Each structure stands twice: as C-alpha cells, then as structure tokens.
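[1] whatever this is, show me its structure:
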Amino acid sequence: MGCSCWPGSSSKRSTNKNISKNNSSNKSKPHAQTQASSEDELKVGACETVTKEKVAKDDQLSVDVKKLNLDDEISKDGKANKRAQAFTFEELTAATGNFQSDCFLGSGGFGKVYKGFLEQTNQAVAIKRLDRNGLQGIKEFVVEVLTLSMVEHPNLVKLIGFCAEGDQRLLVYEYMPLGSLENHLYDLPPGQKPLDWNTRMKIAAGAAKGLEYLHVKLDPPIIYRDLKCSNILLGEGYHPKLSDFGLAKVGPSGDKTHVSTRVMGTYGYCAPDYAMTGQLTFKSDIYSFGVVLLELITGRKAIDNARERGEQNLVAWARPMFKDRKNFSRMVDPLLQGQYPVRGLYQALAIAAMCVQEQPNMRPAVSDVVMALNYLASQKYDLTIMSTAPERACHHRQ
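    Modelled structure (predicted):
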C-alpha cells in the first residue's frame with residue numbers, strides 16, 4: 001500500500017534546540033561564582049537535559065511494568081526491554097505524516113496499524129497505535145515489548161521499538177509487505193491469485209518453526225496463546241512470521257504441567273481444554289496451530305457464521321470427515337482447482353487431525369509437527385500437472 005507520509009522533522013533537531021535554550025537561559029542567570037564554575041555548570045546542565053530526555057523515553061515502560069507487577073511476566077532479569085529502541089511520539093507522528101489515512105494498513109484488538117518511514121534509518125515500518133477503548137491495553141503492550149525484545153528468529157516478526165509517552169503507547173515493527181495470511185485465504189479481491197499448495201505448506205512449516213522456537217529454544221519457554229491466520233504475517237516470497245505477542249505467557253517449568261490463567265485468545269482457535277479449565281499448556285498452542293493448518297488446507301475460516309449451522313465451526317465440521325479418506329478431497333480448498341498432491345493432502349490432514357485432538361496429551365509435540373511439515377514443504381508439487389482426484393472439477397467454494 002502506498003503511503004505519501006514520509007516528510008517530517010527530526011527529533012534530534014528539536015532536542016538540540018532544547019539544549020540551546022537551556023544553555024542560553026543558564027548564561028543569563030546571575031551567579032556569585034567564578035567564570036570557570038559557570039562553564040562547568042553549563043556543561044552539567046546540558047548533560048542533564050540530554051540524560052533526562054533519554055530516560056524519559058524509557059522510563060514510562062518501567063513504570064508500566066511496576067504498576068502491573070509484570071517484572072516476572074516474561075523476563076526474570078529485567079533486561080529484556082534493552083534491545084528495543086524507545087521512540088518519541090513526535091518521531092512516530094512524523095514517520096506516518098500524523099497518522100494520515102493513506103498510511104492506514106488495518107486494525108485489530110490492539111488498535112490501528114499504519115505504515116511509516118523512519119528517516120534516520122531509511123526504513124519502512126509498521127506502527128501499531130494502542131486504542132485506549134480497544135480490547136487490549138497497557139498490559140498487552142508491555143508483554144509485547146518484553147517478549148519481542150528477548151526473541152530473535154526468522155519466523156518471528158521483529159520489534160524495532162516502542163513509544164511509551166504520557167498516555168500514548170505505540171509499537172514499531174519491521175514492515176511485512178504482503179500483509180497477513182488471512183488476506184490471502186479469504187474474500188480475495190478480483191485478480192488476486194489464491195495461494196498454491198507449495199506456498200501453503202511453506203507457510204505452515206515456517207509458522208511451526210516460529211512456534212518451536214518459543215516452546216523449545218527459549219529460556220524460559222513461552223506459550224504464544226494467540227496463534228491465528230491474522231497473526232501470521234507474510235514477507236517477500238511469502239515468508240511467514242508470527243506476530244502480536246500481547247497475550248504471550250511464560251510456560252510451566254519444573255514439575256508443573258500448566259499455567260493457570262484467565263482464558264484469553266480467539267474463539268475458534270482456543271483449545272477446548274484451556275477454555276474449560278483455564279489451564280494453559282504448550283499443547284494449547286498446538287491446537288491453535290492445527291486450526292490454522294486446517295484453514296490453509298480447506299480455505300475455510302475457523303468460525304464462519306455465514307455457513308450452515310453444522311459447518312460454522314471448522315474443527316467440528318472436520319472431525320467426522322477425518323474418519324474416511326473418501327472425504328479428504330472434499331475438504332481441500334476449491335480455489336486450488338485440484339492442483340495438489342493427493343498423498344501430500346492426506347499427510348497434511350493427518351497432521352491437522354492430531355493437532356486438534358480434544359485431549360491435549362494426544363496432540364503432538366511442536367518439534368514433531370515441524371519435522372512433518374518440513375518434509376511436506378520440501379515435496380514440491382508440479383503446478384502444471386492437474387491432480388487426478390475425481391472431485392477436482394468442483395472449483396467453487398464449498
């Protein structure tokens with residue numbers, strides 16, 4: 001999406017003006033001290049001004065952490081937020097041309113998202129601005145900053161920085177030019193090509209790798225808790241990255257099997273065991289991943305109230321279909337127009353079926369899911385060959 005909002009004044013220039021004003025005001029004050037001590041005072045005053053401005057940019061986040069008692073929410077050592085850059089509200093206003101409409105990318109539970117441009121780094125970014133009347137608030141903002149400041153992986157969106165100034169809360173991410181997976185599965189505009197089978201498996205495998213990093217390779221490990229199509233962003237070449245970590249939670253450790261917490265997430269993706277008991281486990285994320293994989297395979301939404309009553313909930317519709325292979329070709333997205341490998345379809349549906357098991361202990365570990373999907377993603381289907389499935393003639397949405 002084009003955005004003509006790049007011009008804006010640099011905050012560095014305004015900072016220098018403030019320092020100059022302070023210096024000149026100090027010079028005009030009468031002192032009974034020597035000239036040398038006056039010069040020293042000027043130097044100290046200027047340094048203090050710079051220091052205060054720098055501290056002010058970071059300080060509000062620390063206040064939020066203390067107010068919400070989040071010191072142990074993500075980082076045990078309190079150092080997580082040091083890798084995220086603090087921006088002033090003025091800088092982000094300039095980056096978006098005062099949040100003008102042609103920079104608007106979309107909106108979610110956190111608030112509106114704008115495309116921006118950081119002149120100092122010559123970089124396009126996505127800027128989320130917290131809606132104070134929205135579904136998420138300061139806690140989710142702080143958790144997002146703390147979580148993404150301590151992670152780094154090719155399949156996780158990169159947090160460039162944040163703004164916590166007064167009552168303003170904004171998040172600055174790397175810009176993902178292809179938007180979310182949701183934009184490429186549903187309600188496609190005329191002329192937009194549907195995702196082919198190979199791309200769908202590539203996206204599934206990449207998203208699983210991001211989840212594996214959170215579950216297995218981080219210390220402490222993190223439960224994502226909000227895995228869904230709209231939170232999988234796509235870069236060049238449809239490279240997937242997980243985003244939106246406001247609901248993330250440190251996973252159980254030692255002898256603990258779960259974390260007891262208020263039920264949060266999105267209806268249709270939330271594991272039934274978590275929804276009923278409030279006991280959050282790593283297998284809760286696996287269930288959500290299974291729903292996403294089903295969406296990739298079927299082209300159906302997790303919850304679609306426009307469908308007939310028995311087909312509105314994707315998992316409830318799919319479970320009986322898993323029992324007979326004759327149903328499998330009926331489950332595949334008609335927009336693929338029969339261009340998919342039959343064996344690959346069976347294997348992908350088998351993975352999805354295991355992930356959405358009602359009993360959490362029956363769901364696979366994320367590393368097993370990654371291994372299976374890596375294999376499927378490596379088996380490139382020749383898109384010039386039509387599938388031999390007899391049902392391939394059905395090209396309209398079921």
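[2] which residues of the stretch 251-398 of the chain fall in strands?
    259-260, 279-280 (DSSP state E, counting those that start in this stretch).
[3] what's the closest of the ones you listed to residue 357?
    Across these, residue 357 has its closest neighbour in strand 279-280 (16.1 Å, C-beta to C-beta). Every residue, glycine included, has its C-beta placed from N, CA and C.
[4] can you give me the mean pLDDT across the closest one?
    Strand 279-280 shows a mean pLDDT of 90 in the predicted model.
[5] strand partners of that strand, parallel vs antiparallel please.
    strand 259-260 (antiparallel) (DSSP bridges).
[6] make JSON lines out of the strands of the stretch 251-398 of the chain and add mean neighbour count and distance to residue 173.
    Formatted as JSON lines, the strands of the stretch 251-398 of the chain follow (neighbours: other C-beta atoms under 10 Å; distance: least, C-beta to C-beta, whole Å):
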{"stretch": "strand 259-260", "mean neighbour count": "14", "distance to residue 173": "26"}
{"stretch": "strand 279-280", "mean neighbour count": "21", "distance to residue 173": "25"}
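[7] which residue, other than its chain neighbours, is closest to the residue nearest in space to the middle of the chain?
    Using C-alpha atoms, centre = their mean, the residue of the chain that lies closest to the mean C-alpha position is residue 243, 1.0 Å off. Closest residue in space to residue 243, ignoring its immediate chain neighbours: residue 157 at 4.0 Å, by C-beta to C-beta, 6 or more residues apart in numbering.
[8] for residue 236, same thing?
    Nearest one to residue 236, counting by C-beta to C-beta, 6+ apart, is residue 177 at 6.5 Å.
[9] residues contacting that neighbour?
    When contacts are counted by C-beta atoms under 8 Å, 6 or more residues apart in numbering, residue 177 touches 234, 235, 236.
[10] looking at the residues you listed, which is nearest residue 303?
    Using C-beta to C-beta, residue 234 is the member of the contacts of residue 177 that sits closest to residue 303, with 22.0 Å.
[11] check the secondary structure at the spatially closest residue to that closest one that is not a sequence neighbour for me.
    Spatial nearest neighbour of residue 234, chain neighbours left out: residue 178 (3.8 Å); criterion: C-beta to C-beta, 6+ apart. At residue 178 the chain is in coil, as set by DSSP: H, G, I helix; E, B strand; the rest coil.
[12] hang on, residue 178 packs against residue 241?
    No: between residue 178 and residue 241 there is no contact under C-beta atoms under 8 Å: 10.6 Å.
[13] quick one, which of the two is more surrounded?
    The neighbour count for residue 178 versus residue 241, taken as other C-beta atoms under 10 Å, is higher for residue 241 (21 against 15).
[14] starting at the chain centroid, how far to the strand or helix carrying that one?
    In the assignment (DSSP states H and E), residue 241 maps to strand 240-242. Offset of strand 240-242 from its chain centre (C-alpha atoms, centre = their mean, to the nearest Å): 7 Å.
[15] for that strand, packing partners?
    helix 197-212, strand 232-234 (3 or more C-beta pairs under 8 Å, 6 or more residues apart in numbering; DSSP states H and E).
[16] indicate which one of these is closest to residue 374.
    So among these, helix 197-212 is nearest, using C-beta to C-beta, at 5.4 Å.
[17] need the residues touching each of residue 178 and residue 241.
    233, 234, 235.
[18] could you check how far the last one is from residue 273?
    This points to residue 235. As for residue 235, its distance to residue 273 is 33 Å (criterion: C-beta to C-beta, to the nearest Å).
[19] now do the second one
    For residue 234, the distance to residue 273 equals 30 Å [C-beta to C-beta].
[20] for residue 323, same thing?
    For residue 323, the distance to residue 273 - C-beta to C-beta - is 22 Å.
[21] neighbour count for those two, which is higher?
    residue 273 (21 against 9).
[22] any idea of the pLDDT on the residue lying closest to the more buried one once chain neighbours are set aside?
    Leaving out its chain neighbours, the residue that sits closest to residue 273 by C-beta to C-beta, 6+ apart is residue 360, at 5.1 Å. Residue 360 is assigned a predicted lDDT (pLDDT) of 95.
[23] what is the neighbour count of residue 360?
    Residue 360 has 19 neighbouring residues, counting by other C-beta under 10 Å.
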